[in-house]
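Asks: Show me how the following folds:
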Amino acid sequence: MKNNLLIKTTLLLLVLLSAESQAQSYQLFWSDEFNGTALDENYWNYELGNGNWGWGTGQVDFDTKRDTNVHVRGGYLTIQTLKESNYWNTDIYNNWKQYSHTSGRLNTAKKLSFKHGKVEMRAKVPKGVGEGVALWMLPTFDKFGGWPRSGEIDVLEICGAQTTQSQGTMHFGESGNDQHSYAIYKPTPTDLADDFHVYGIEWTATQLKWYIDGNVFKTADISVPYGTQYYFPFNEEFYIILSAGVGAAMCGKDDGAAMMAKYIVDYVRVYKTADEIVTIPAKIQAEAFTSEKGTQKEVCTDTDGGYDMGQIGTGDFLSYNLVAQDAGLYKATFRVAAGTGYSGAIKISSGGVQLGTANVSTTGGWQSWQDVLLQFTLKKGVQNITLDFTGQFNLNYVNYELISTEVQPIAVELPKVFPNPFSSEIHIASQEEDATVRVFDLSGRIVLYESFKKGNSVLNTSQFSAGVYLVQIETESAVSTVKLVKE
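Replies: Numbers count the residues shown, from 1 in each chain. Below you'll find the predicted structure:
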């Protein structure tokens, strides 16, 4: 257990002094102090499996959500890599195979993403040949294409056999031609595995700056825009990843000596400048987006003048980092205009959870403005609001009003699973959303893994042995699990 009062007071003073010494003045935007008893899945996702070619690095571990691999206790998050003697599970091709290690991997995709600010983590890293841990970030939207075109930011990469140094890297460039820039920090004679250290990055529109315990060891210019030969795609939203594993090409193979390696995290914090923290209730101008696709800023002749986001089309989106001051029922007023014969719809979501759809009818002109209303519930705190568009229209602003602080649950229609008992087939009916389905036997092993588009789908279970199975169906809105019996 932490000596909470002393540690937290000291850290707060250090944070305040550090912030005052910087040219930028930062405020806390979001944090996880891991003071609960379980992972906060409002913001974190488990990544399960081994990915494609060991998550792209050659790792040999299978990442799970077992308590033995990932847990929150005593004020810390622990990601624990274990050497296994008899662990079996499926790979991405649904082949049953044995894995020599298990570990954990977490991300905030769809739930927490941001652009610019400071990211800090206080953590103690493990020792061990072949072990590797990281704090890194990937783009929320692959706006410029697949990796590395849309970028990657590695705040921390440490190998267990070289814990006297840490590496910070940024990846960019054309597909198949990774251009990367990195620097290695060697706090000699300090061994980073002996104690907790603060690993961080400061991120502005023109610069990335890596530091450990306040000591800057790399600064990179990221002002070259997309469209040049070696562009930097870092002025978009990114999300956080925490990973630990064994056997990556960078860190080498496990030497067999270490049976357990613990990556212990005290906190993860995101800071932004005061003018970048936008709270609601408030009127949010459409052009105040964090990320966008396909839209264009144009002069607006509505009553408040200014600008609107025009030339909206199907498949376009706008996203915003907002902070809800209170949980409760909100009303959103979308100020829209659509030319004669044109219409569309706005699907609004927060943290990957769909809140509702507002239909846009023709208003008789591209600068003839009308209000479209929608109500939904929001939790208190950071909201990654995304507006996905169909049709053609213009958007001037969205006015968020708090109607009531009595939070009503968001109605979600869960997928239906039948029959029970089953024989050679399981039917999945997910009418509203695409679904990922995992079938577990009673030992916890994944025996079937499939992804389906919304609608009615069928799982072939003719090869299953008789017995009891757990079927987990995951959509953007919910995760449900049902128990079925194979006759």
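Asks: what's the pLDDT at the residue nearest the centre of the chain?
Replies: With distances taken as C-alpha atoms, centre = their mean, Ala109 lies nearest the centre of the chain, 1.7 Å away. Ala109 is assigned a predicted lDDT (pLDDT) of 93.
Asks: quick one, phi/psi of Thr57?
Replies: phi -120, psi 0 (degrees, to the nearest 10).
Asks: burial measure for it, as a count.
Replies: 16 (other C-beta atoms under 10 Å). Every C-beta, even on glycine, is put in place using the N, C-alpha and C of the backbone.
Asks: Surely it touches Ser243?
Replies: No. Contact criterion C-beta atoms under 8 Å: Thr57 and Ser243 do not qualify, at 9.3 Å.
Asks: Spatially nearest residue to Ser349 (excluding sequence neighbours)?
Replies: Leaving aside its sequence neighbours, Ser349 sits nearest to Thr386 (C-beta to C-beta, 6 or more residues apart in numbering; 5.1 Å).
Asks: picking up where we left off before, element containing the residue nearest to the centre of the chain?
Replies: Take DSSP states H and E as the rule and Ala109 turns out to sit in neither a helix nor a strand.
Asks: Then His427?
Replies: Here His427 is assigned to strand 425-430, by DSSP H and E.
Asks: Now do that strand: which elements does it pack against?
Replies: Contact here means 3 or more C-beta pairs under 8 Å, 6 or more residues apart in numbering; DSSP states H and E; on that basis strand 425-430 packs against strand 416-418, strand 435-440, strand 455-460, strand 467-474.
Asks: hang on, the earlier thing: tell me which residues touch the residue nearest to the centre of the chain, please.
Replies: Neighbouring residues of Ala109 by C-beta atoms under 8 Å, 6 or more residues apart in numbering: Asn45, Leu138, Thr140, Tyr239, Gly352.
Asks: I'd like to know how far it sits from Tyr46.
Replies: 11 Å (C-beta to C-beta, to the nearest Å).
Asks: correct me, but Asn396 touches Asp302?
Replies: Yes. Contact criterion C-beta under 8 Å: Asn396 and Asp302 qualify, at 5.2 Å.
Asks: which residues are in contact with both of those two?
Replies: With C-beta under 8 Å, 6+ apart as the test, Asn396 and Asp302 both reach Asp308, Arg335, Ala337, Trp369.
Asks: Count the neighbours of the last one for me.
Replies: It stands for Trp369. There are 21 residues near Trp369, going by other C-beta under 10 Å.
Asks: for the first one, same thing?
Replies: Neighbourhood size, Asp308 [other C-beta under 10 Å]: 26.
Asks: So for the helix or strand where it lies, what gets flagged as buried?
Replies: Applying DSSP H and E as the criterion places Asp308 in strand 307-312. Within strand 307-312, the residues that qualify as buried are Tyr307, Asp308, Met309, Gly310, Ile312, counting by 16 or more other C-beta atoms under 10 Å.
Asks: Stretch 467-478 now?
Replies: Buried, per 16+ other C-beta under 10 Å, within stretch 467-478: Tyr469, Val471, Gln472, Ile473, Glu474, Thr475, Ser477.
Asks: The chain: helices as residue ranges?
Replies: 4-21 (DSSP state H).
Asks: Show me the domain layout of it.
Replies: 4-274, 277-404, 416-486 (automatic domain parsing).
Asks: worst average pLDDT in those domains?
Replies: What stands lowest among the domains of the chain, in mean pLDDT terms, is domain 416-486, with a mean of 80.
Asks: start to end distance for it?
Replies: Chord length of domain 416-486, first to last residue, is 17 Å (C-alpha to C-alpha, to the nearest Å).
Asks: Also stretch 467-486?
Replies: Start-to-end, stretch 467-486 (C-alpha to C-alpha) is 5 Å.
Asks: for stretch 470-487, same thing?
Replies: 14 Å.
Asks: just stretch 105-120 next, same as before
Replies: First residue to last in stretch 105-120 (C-alpha to C-alpha) measures 18 Å.
Asks: beta partners for the closest residue in space to Thr219 that isn't next to it in sequence?
Replies: Counting by C-beta to C-beta, 6+ apart, Thr219 lies nearest to Lys209, which is 4.9 Å off, once chain neighbours are set aside. Beta-bridge pairing of Lys209 under DSSP bridges involves Glu202, Thr219.
Asks: show me what contacts Arg445?
Replies: Trp88, Asn89.
Asks: Same question for Ala282.
Replies: Applying C-beta under 8 Å, 6+ apart to Ala282 gives the contacts Asn399, Tyr400.
Asks: let's see 7 Å
Replies: Listed by C-beta atoms under 7 Å, 6 or more residues apart in numbering, the contact partners of Ala282 are Tyr400.
Asks: Relative to Phe62, how far out is it?
Replies: For Ala282, the distance to Phe62 - C-beta to C-beta - is 45 Å.
Asks: what's the answer for Asp194, then?
Replies: 29 Å.
Asks: for Gln367, same thing?
Replies: For Gln367 relative to Phe62 (C-beta to C-beta), the value is 56 Å.
Asks: Could you do Ile284 as well?
Replies: For Ile284 relative to Phe62 (C-beta to C-beta), the value is 42 Å.
Asks: And these two? Which one has more around it.
Replies: Legend: neighbour count by other C-beta under 10 Å for Ile284 and Phe62, higher for Phe62 (26 against 19).
Asks: Who does the residue lying closest to that one once chain neighbours are set aside form a beta bridge with?
Replies: Nearest-residue entry for Phe62: Tyr99, 4.1 Å, with adjacent residues in sequence omitted and distances by C-beta to C-beta, 6+ apart. Per DSSP bridges, the residues bridged to Tyr99 are Tyr87.
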